[in-house]
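Engineer: dropping a prediction and its sequence here:
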Amino acid sequence: MATKEYHFKYGRRSVRFNLDPQLVIGELTIRDHPPLQDPAGEIQKAIRNPIHSQPFREIVKPGQTVCFLVNDPTRIANSHVFMPILLNELNSAGVPDKDMFIMFSVGAHRMLPEDEMAQMAGQEAARRVRMYNSDAHDPSQFKFVGRTSRGNDVYFHKRAVEADHIVCTGSVVYHFFCGFGGGRKALFPGVTRYDTICRNHALMLEPGAVAGKLKGNPAYEDQVEGTEMKRPSFLLNVVLNEKKEFLKVYAGNYIQAHFAACQFVESIYGTPIDGLADLVIATCGGYPKDINVYQLQKTMDNAWLAVREGGVVIILGECEEGVGDSLYLEWMKKYKTPERIEAEVRAHFVVGGHKAYAVTRLMKKAQFILVSGLDPDLARTLLFTPAKDMQEALQMAFAKLGSHPRVLLMPQGSLTVPIRKG
């Protein structure tokens with residue numbers, strides 16, 4: 001049997017493995033699209049010719065204050081490129097730097113130290129305007145703005161609420177239960193109180209909370225309803241490729257411009273498949289996408305869409321920082337089965353516990369073999385089947401599926417979202 005050598009990214013290196021190419025029914029990659037040659041020029045063009053909005057410089061009047069919401073390190077947007085452009089555009093309209101500030105949309109993530117803030121927003125913006133974290137766990141930082149129709153009490157950070165204008169920035173990618181990232185997410189959950197975030201994220205348990213769906217998605221609709229209570233004045237969203245190069249820039253109305261970006265993301269990252277595979281081999285794409293199991297889940301979700309019931313998924317993820325969330329690990333040790341975890345998350349939804357559910361619900365459909373640097377016993381606690389290398393992983397898969405499984409390869413597993421044709 002003739003074999004072909006494949007190279008998949010793993011941590012800070014790559015892993016090689018051999019496979020009969022006749023078994024491979026497809027290799028999912030993002031659609032090739034040329035990066036922007038002049039990102040700064042395209043950013044300026046977008047904010048001066050926005051979608052369903054006045055030009056940016058005509059929205060803010062001298063004497064008014066502006067809160068820019070900027071991504072944290074878990075979601076790269078190249079904010080350092082566009083922030084000086086946005087500041088300069090308002091300067092030219094008579095708005096001084098002292099009337100503008102940046103808040104980082106950390107949601108329930110960790111706080112950013114000052115040096116990391118400067119790295120994300122860029123040294124120039126960091127020198128010019130004040131920068132703040134939003135600590136979801138400190139109730140005193142937040143102000144109540146209203147209750148959604150789904151009963152979610154919405155609290156936004158006081159600094160954002162008290163500004164005359166909120167400008168949402170960020171990048172747009174698929175999101176496993178909110179449909180797509182970007183857009184309203186900079187505000188909600190970006191600078192939202194912890195209990196509001198939990199109540200919203202609990203909607204992931206309801207039908208319609210899936211990747212690529214906005215209309216009829218309860219989590220998205222709850223976020224938009226809350227966001228309308230302190231409606232952003234403007235949005236700048238970007239779409240990047242795997243190398244973090246700009247592909248497109250969208251600006252304007254925070255819903256309409258975001259929707260246009262989502263349509264483009266679908267055309268680039270949505271990957272049609274003819275049918276479900278017996279075996280899916282997926283890599284997160286190496287460091288930092290496989291820095292821990294918490295981040296690994298995005299790739300698992302995408303691979304899950306492509307594997308048949310009772311099939312096998314091999315995931316390559318080094319996980320050099322281990323699990324990535326103490327509460328997730330605590331839940332796995334305590335509740336042990338997908339059924340018990342689901343029951344607990346429905347009864348007592350918490351961020352961290354929701355990741356235990358997000359991972360283990362996938363394991364009801366297929367066996368997940370994990371090639372990682374994790375201790376094998378820890379991997380088993382997380383309900384993975386550990387393999388020390390790709391050779392062992394393939395042996396396990398073939399032992400279960402036979403010698404001629406239909407194999408689908410996902411070398412960009414965290415990015416590509418399989419879509420069934422028809």
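Structural biologist: It's in.

Engineer: where does residue 143 land in three-state SS?
Structural biologist: Taken by DSSP: H, G, I helix; E, B strand; the rest coil, the conformation at residue 143 corresponds to strand.

Engineer: what sits against it?
Structural biologist: By Cβ atoms under 8 Å, 6 or more residues apart in numbering, the residues touching residue 143 are 155-158, 161-162. Just so you know, the C-beta spots here come from the backbone N, C-alpha and C atoms, and that holds for glycine as well.

Engineer: pull out the buried residues from those.
Structural biologist: With neighbours counted by 16 or more other Cβ atoms under 10 Å, the contacts of residue 143 contain buried members at 155-157, 161.

Engineer: sort out for me which of those residues are in helices.
Structural biologist: Cross-referencing the buried ones among the contacts of residue 143 against helices under DSSP state H gives residue 161.

Engineer: SS state for the nearest residue to residue 171 once chain neighbours are set aside?
Structural biologist: Nearest non-adjacent residue to residue 171, counting by Cβ to Cβ, 6 or more residues apart in numbering: residue 77, 3.9 Å away. Using three-state DSSP, the structure places residue 77 in coil.

Engineer: tell me how far residue 77 lies from residue 356.
Structural biologist: Distance from residue 77 to residue 356, counting by Cβ to Cβ, to the nearest Å: 28 Å.

Engineer: before we move on, what about residue 144?
Structural biologist: For residue 144 relative to residue 356 (Cβ to Cβ), the value is 30 Å.

Engineer: neighbour count winner among these two?
Structural biologist: Neighbours per residue (other Cβ atoms under 10 Å) separate residue 144 from residue 356, with residue 356 holding more: 29 against 13.

Engineer: quickly list what the residue nearest the centre of the chain is bridged to.
Structural biologist: Nearest to the geometric centre of the chain sits residue 175, at 5.3 Å (Cα atoms, centre = their mean). For residue 175, the beta-bridge partners are residue 179 (DSSP bridges).

Engineer: quick one, phi psi at the closest residue to residue 384 other than its chain neighbours?
Structural biologist: The shortest distance from residue 384 to any non-neighbouring residue, by Cβ to Cβ, 6+ apart, is to residue 370 (3.9 Å). When read as degrees, to the nearest 10, the backbone of residue 370 gives phi -110, psi 120.

Engineer: roughly how far apart are residue 370 and residue 282?
Structural biologist: According to Cβ to Cβ, residue 370 and residue 282 sit 11 Å apart.

Engineer: which residues do those two both contact?
Structural biologist: The contact lists of residue 370 and residue 282 share residue 315, where a contact means Cβ under 8 Å, 6+ apart.

Engineer: now the helices for the stretch 51-200 of the chain?
Structural biologist: 56-59, 79-91, 114-121, 123-128, 158-162, 194-201 (DSSP state H, counting those that start in this stretch).

Engineer: may I see the buried residues of the first one?
Structural biologist: If I follow you right, that is helix 56-59. Neighbour-count burial for helix 56-59 flags 56-57, 59 (criterion: 16+ other Cβ under 10 Å).

Engineer: average pLDDT across it?
Structural biologist: In this model, helix 56-59 has a mean pLDDT of 97.

Engineer: name the SS class of residue 393, please.
Structural biologist: Secondary structure, three-state DSSP: residue 393 is helix.

Engineer: apart from its chain neighbours, what residue comes closest to residue 258?
Structural biologist: Nearest residue to residue 258 in three dimensions, chain neighbours excluded: residue 183, at 3.3 Å (Cβ to Cβ, 6+ apart).

Engineer: residue 84 now?
Structural biologist: Excluding the flanking residues, the one nearest residue 84 by Cβ to Cβ, 6+ apart is residue 124, at 4.7 Å.

Engineer: residue 133 too?
Structural biologist: Closest residue to residue 133 apart from its sequence neighbours, by Cβ to Cβ, 6+ apart: residue 111 at 4.5 Å.

Engineer: for the one you found, grab the count of nearby residues.
Structural biologist: By other Cβ under 10 Å, the residues close to residue 111 number 15.

Engineer: need phi/psi at residue 325.
Structural biologist: phi -160, psi 120.

Engineer: show me the contacts for residue 156.
Structural biologist: For residue 156, the contact set (Cβ under 8 Å, 6+ apart) comprises 142-143, 145, 187-188, 191-193, 229-230.

Engineer: how near is it to residue 354?
Structural biologist: Taking Cβ to Cβ, one finds residue 156 at 21 Å from residue 354.

Engineer: kindly report the same for residue 250.
Structural biologist: Distance of residue 250 to residue 354, given as Cβ to Cβ: 29 Å.

Engineer: the more surrounded of the two?
Structural biologist: For residue 250 versus residue 354, neighbours defined as other Cβ under 10 Å are more numerous around residue 250 (24 against 21).

Engineer: per-residue pLDDT, the more buried one?
Structural biologist: Reported pLDDT for residue 250: 98.

Engineer: my guess is it contacts residue 257, does it?
Structural biologist: Yes - if you go by Cβ atoms under 8 Å, residue 250 and residue 257 touch, sitting 4.6 Å apart.

Engineer: these two touch, right, residue 289 and residue 414?
Structural biologist: Yes - between residue 289 and residue 414 there is a contact under Cβ under 8 Å: 4.8 Å.
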